[in-house]
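Enquirer: sequence-free structure coming up:
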């Protein structure tokens, strides 16, 4: 079956702009989680959606938001970009949150200049 | 603040050596512990999901154990091969919140 896909793969934005990243989970997976990875940091949990509802949120400012559609596809939005938002953003899907394996997408590399 | 620590941060081993890494996590509010392998230029790949104290899981030459009472898990690689070179991540899932808290990983380099 097709894996998790993320678009775009690479993105360059300037400070103050906003960006929207997209994630299509594995067919049948209803849980989608988003992570941020920066150099020297582990994967930082952003949020998790299940059946169009945000069930969990990490410790990120309100500039980071997301949503999930009825087909389980998810989008993540970052408004008023800052230089520190430059990172690899990964999404992962699973059948259920917590006890099922997560399948990761290839990530979106965001560079903020 | 929940903390997940992995040790060592990195290590180099010779092909054929066996090795192991440690993941330490909070001993309370345990729900699950995940292990992932992350190769350069690829996505993290799930290795194991462990939920019960005393769990032991095995996949080929890789195995893992879990001690939820003392808050640690070990990952073992028997007879390391160059293709095992990767960063190995563990993630603690807390009960109630079901948030994933990742360690910073152990970077393994297997020398041929």
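Expert: Yep, that arrived. Not measured: the values here are computed from a predicted model.

Enquirer: is the helix or strand of chain A with the lowest mean pLDDT up against chain B anywhere?
Expert: Lowest mean confidence among the helices and strands of chain A (mean pLDDT, DSSP states H and E): strand A:53-57, at a mean of 90. Yes - against chain B, strand A:53-57 shows contacts by Cβ under 8 Å from any Cβ of the partner chain at A:55-56. Placement of C-beta: from N, CA and C, glycine included.

Enquirer: just checking, next helix/strand downstream of that strand?
Expert: Next along the chain after strand A:53-57, taking DSSP states H and E as the criterion, comes strand A:64-68.

Enquirer: list the buried residues of that next one.
Expert: A:64-66, A:68 (16 or more other Cβ atoms under 10 Å in any protein chain shown).

Enquirer: right, is stretch A:97-113 up against chain B?
Expert: Yes - Stretch A:97-113 reaches chain B (Cβ under 8 Å from any Cβ) through A:97-107.

Enquirer: so residue B:74 makes contact with residue B:33?
Expert: No - taking contacts as Cβ atoms under 8 Å, residue B:74 lies outside contact range of residue B:33: 10.9 Å.

Enquirer: who touches both of these two?
Expert: residue B:23 (Cβ atoms under 8 Å, 6 or more residues apart in numbering or on different chains).

Enquirer: these two: which is more packed in?
Expert: residue B:33 (24 against 14; other Cβ atoms under 10 Å in any protein chain shown).
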